[in-house]
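Colleague: got a predicted structure plus its sequence, pasted below:
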Amino acid sequence: MSLYELFIGFRYLKAKKSQGFISFNTVLSIFIVFIGVFILIVVISVMTGFQSQIKDKIIDVDSHITVATYFGESGDGIRNYAELQKKIATVGGVTSINPYLQGQGLARYRTFITPVMIRGIGSIGALPDDVRTFIIEGEKNYQKAGEVYIGAEMAFNNNIRVGDTIELIVPRGRLTATTGVTPGMGSFKIAGFFKTGYYDFDTRLILMPLRSAQALYGVGDIVWGIGIKIYDIYKMDYLASKIQSVIGFQYQTLTAEQRNQNLFYALKLEKLIMTIILFLVVISAGFTIMGTLVMVVMEKKKAVGVLKSMGARPNSIMAIFVLEGFLIGVIGSVLGVIFGLAASLNLEAIIRWIERLINLTMTHIYKAFDLGVFYNISLVPKSVYYIDTIPAEINPEFVVLIASVAVFLATVAAIFPSWHASRLKPVETIRYE
């Protein structure tokens, strides 16, 4: 591409004063590319951060690798768990091994009854270190057999304090046609609160010593699974296969992703669909660019005729208008990347500012028209999104991909108008223009 083609391409970005509408279309094309790139970067950054944060929260609280029976909680459980612990300990890269018992139940406090997930793990004076890090109030270890830890959100929702007593009701034994299921009941003292940041755990999970859970469910000296933490979570699949070979195939080893595969699959599918939908915005910018360049070609017919009469080749004429589409894509993409990255890095503050603005405005409206009490809204409710912060994780490779695709589509959209301009005949163009 020669210098004069670059010079004319830049000049054609700006229309004559008498043709201001075409200039507006050029600005509109740049704006649509900008909006498409901006929204894609922000939304995909949030969804990537959201997916990563949920995954991290689950992995932090749950196990990296779990050894369980093939029938899960409906089976007979694991009786020789002490022997399995010794075998697993021989695998390099394992940091902790904790047998656990987990089941569903109901928690009753005064008049409140709520479904909970009960996990028996650790023993008196030996709460696992990875669990202890989440305790924000109370002792950092079990002191007595009848103590439990509950999530801070559960405590807040039900007005429970450290030292209060709750009653747990669980199904005990097996379901039969004649006797049904005998309920297991017990009263437990709240030893403290934990906060994982994952809303589903903080509102439903109850932790107690393993022996207490075994007595509550009446299952004897068995566990439902053995939770394993490892040094490097990126070797999860590799270490899971090694552990499987060590313990044999009487039990199965499952990674955290396999145990929560439905959730992770749903998150990936949602991210994919949103990406496709938002790319349509960038594609729509391509049609706008095409329309803009068609109008530019109509405006510049005489100039094209003059250039051709001076010896400009069709390829040069085509290059001039393709360059204009390319420049529209570059300008829009660069602006979209700059503002998209800025918004992603400051998203928490932006959302909180919008929330305050909405709540302040609605409060004044309610007072002005005497509509009653306005309750503040949250744009990211924890009960829906499971997390208490707004995550954003920027993937540099994906940002480059978004910008590159936007520039490519803008350039491709300019090919047809450019080809049309290159086919104009100089004599007829000058005569009629």
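Modeller: It's in. Numbering: from 1, shown residues only.

Colleague: go through the protein and flag its longest strand.
Modeller: Ranked by number of residues, the top strand in the chain under DSSP state E is strand 94-109.

Colleague: residue boundaries of the strands in the stretch 51-200 of the chain?
Modeller: Listed from the start of the chain, the stretch 51-200 of the chain has strands (DSSP state E, counting those that start in this stretch) covering 65-68, 94-109, 112-121, 135-138, 147-151, 165-172, 182-194.

Colleague: including mean pLDDT, distance to Gln85 and mean neighbour count, could those strands go into CSV?
Modeller: All C-beta spots, glycine's among them, are computed from the backbone N, C-alpha and C. Shown next, in CSV, are the strands of the stretch 51-200 of the chain (pLDDT from 0 to 100; distance: least, Cβ to Cβ, whole Å; neighbours: other Cβ atoms under 10 Å):
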stretch, mean pLDDT, distance to Gln85, mean neighbour count
strand 65-68, 90, 9, 24
strand 94-109, 90, 5, 18
strand 112-121, 91, 13, 18
strand 135-138, 89, 24, 15
strand 147-151, 92, 23, 25
strand 165-172, 90, 25, 17
strand 182-194, 89, 24, 18
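
Colleague: right, and those strands - which one's nearest Glu270?
Modeller: Glu270 sits nearest to strand 112-121 of all the strands of the stretch 51-200 of the chain, at 24.5 Å, using Cβ to Cβ.

Colleague: angle of that closest one against strand 94-109?
Modeller: Strand 112-121 runs at 160 degrees relative to strand 94-109, counting by axes from the mean of the first three to the mean of the last three Cα atoms, to 10 degrees.

Colleague: chain center to the longest strand of the chain, what's the gap?
Modeller: The chain centroid and the centroid of strand 94-109 are separated by 26 Å under Cα atoms, centre = their mean, to the nearest Å.

Colleague: and it, what does it pack onto?
Modeller: In this structure, strand 94-109 makes packing contacts with helix 81-88, strand 112-121, strand 165-172, helix 210-217, strand 225-230, judged by 3 or more Cβ pairs under 8 Å, 6 or more residues apart in numbering; DSSP states H and E.

Colleague: dump the ones you listed to JSON lines, plus distance to Thr69.
Modeller: Conversion of the helices and strands packed on strand 94-109 to JSON lines gives the following (distance: least, Cβ to Cβ, whole Å):
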{"stretch": "helix 81-88", "distance to Thr69": "11"}
{"stretch": "strand 112-121", "distance to Thr69": "17"}
{"stretch": "strand 165-172", "distance to Thr69": "18"}
{"stretch": "helix 210-217", "distance to Thr69": "16"}
{"stretch": "strand 225-230", "distance to Thr69": "8"}
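
Colleague: and the residue nearest the centre of this structure?
Modeller: The chain has Phe50 as the residue nearest its centroid, 2.4 Å off, counting by Cα atoms, centre = their mean.

Colleague: which helix or strand contains that residue?
Modeller: Here Phe50, judged by DSSP states H and E, is contained in helix 20-61.

Colleague: returning to that earlier point: now do the contacts for the closest residue to the residue nearest to the centre of the chain other than its chain neighbours.
Modeller: Distances taken as Cβ to Cβ, 6 or more residues apart in numbering place Pro391 nearest to Phe50, at 5.3 Å, with adjacent residues excluded. Applying Cβ atoms under 8 Å, 6 or more residues apart in numbering, we find Pro391 in contact with Val46, Gly49, Phe50, Ser52, Gln53.
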